[in-house]
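*Asks:* Sharing a model that was predicted from the sequence below.
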Amino acid sequence: MVLTGTLVNTGLIIVGTLLGLLFHKIPERMKETVVQAIGLAVVVLGVQMGLKSENFLIVIGSLVLGGAIGEWLRIDEKLNRVGEWLELKIGRGRPSNIAEGFVTATLIFVIGAMGVLGALDGGLRQDHDVLYTKGLIDGFTALVLSSTLGIGVIFSAIPVLVYQGAIALGAVAITQFVPDAILQQFIVEMTATGGVMILAIGLNLAGITKIRVANLLPGIVMVALIVTGLEWFGLN
């Protein structure tokens, strides 16, 4: 089912929140070790996806052009500004922990490349491994956040369901209009390009790097353009 990954992701956020309400005190060292372990597992997932490419030049070209566009648009910086703006608004309004927990968790779970890539993968290939992995990360994060911010974290599951679900369903609609030859190559190279981004997310989680992964997201659009161009000019 197209929405399986999104539903699992949403469910794990809810479960993580409920567990966090039961366990108020989690040692910092335990949190750090678990996050790093998840990061390393995400790295392996990214490598597996990256190796699926049939023409790695497409992956390199997409990442280079997409990264340049992302840096020009300053996507990562703008997303961070949204978070800072919301935090500022919350601070001025002196809201309850419910509001703070909801906004904080939503920003963490929704803003990021993994949700976009996972939802696309679920919609185009019915492959939900990325969203299953994201669900584990989000579930643990929800546990940590709810242990300090309370029940408000659980409501962040709603925008995750709507946002990722819409992307997955939109990806299904694309399959009805795009020629099969182009679609199949796009899926393969999108998976590989997304895998490199997932690898970067894992390295960031493990604390090894600080790559601005959001700035690489235009690379997915570049994959579509490059694959289409190659097909039209008969260069495949």
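*Replies:* Ah, there it is.
*Asks:* how far out from the middle of the chain is the longest helix belonging to the chain?
*Replies:* Longest among the helix segments of the chain by residue count, using DSSP state H, is helix 180-205. What separates the centre of helix 180-205 from the centre of its chain is 12 Å, taken as C-alpha atoms, centre = their mean, to the nearest Å.
*Asks:* Likewise for stretch 117-133?
*Replies:* On the basis of C-alpha atoms, centre = their mean, stretch 117-133 is displaced by 10 Å from the centre of the chain it belongs to.
*Asks:* Identify the residues contacting it?
*Replies:* Contact with stretch 117-133 is made by 1-6, 8-9, 41-42, 45, 49, 114-115, 134, 163-165, 167-172, 174-175, 183, 187, 190-191, 194, 197-198, 220, as judged by C-beta atoms under 8 Å, 6 or more residues apart in numbering. Every C-beta, even on glycine, is put in place using the N, C-alpha and C of the backbone.
*Asks:* Please pick the buried ones from those.
*Replies:* Listed as buried from these are 2-3, 5-6, 8-9, 41-42, 45, 49, 114-115, 134, 163-165, 167-168, 171, 183, 187, 190-191, 194, 197-198, 220; burial here means 16 or more other C-beta atoms under 10 Å.
*Asks:* Quick check: Ala214 vs Trp232, distance?
*Replies:* Distance of Ala214 to Trp232, computed by C-beta to C-beta, to the nearest Å: 30 Å.
*Asks:* Ile69 now?
*Replies:* In this structure, Ile69 and Trp232 are separated by 21 Å, where distance is defined by C-beta to C-beta.
*Asks:* So those two - more neighbours on which side?
*Replies:* More neighbours surround Ile69 than the other of Ile69 and Trp232, with 17 against 10 (other C-beta atoms under 10 Å).
*Asks:* Local confidence estimate at Leu12?
*Replies:* Here, the pLDDT recorded for Leu12 equals 97.
*Asks:* What strand or helix carries it?
*Replies:* When elements are assigned from DSSP states H and E, Leu12 belongs to helix 4-22.
*Asks:* List of residues touching the helix or strand just after that helix?
*Replies:* Sequence-wise, the next helix or strand downstream of helix 4-22 (DSSP H and E) is helix 28-50. Helix 28-50 is contacted from outside by 59, 129-130, 133, 136-137, 140, 144, 191-192, 194-208, using C-beta under 8 Å, 6+ apart.
*Asks:* So for helix 28-50, what gets flagged as buried?
*Replies:* Under 16+ other C-beta under 10 Å, the buried positions of helix 28-50 are Val35, Ile38, Gly39, Ala41, Val42, Val43, Leu45, Gly46, Met49, Gly50.
*Asks:* Going by neighbour count, which residues in stretch 70-85 are buried?
*Replies:* In terms of neighbour count (16+ other C-beta under 10 Å), stretch 70-85 has its buried residues at Gly70, Ile75, Asp76, Leu79.
*Asks:* Switch the residues you listed over to CSV; also include pLDDT and distance to Arg29.
*Replies:* Converted to CSV, the buried residues of stretch 70-85 look like this (pLDDT from 0 to 100; distance: C-beta to C-beta, whole Å):
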residue, pLDDT, distance to Arg29
Gly70, 94, 35
Ile75, 86, 33
Asp76, 81, 29
Leu79, 71, 30
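*Asks:* Among these, name the ones in helices.
*Replies:* Those of the buried residues of stretch 70-85 lying in helices (DSSP H): Gly70, Ile75, Asp76, Leu79.
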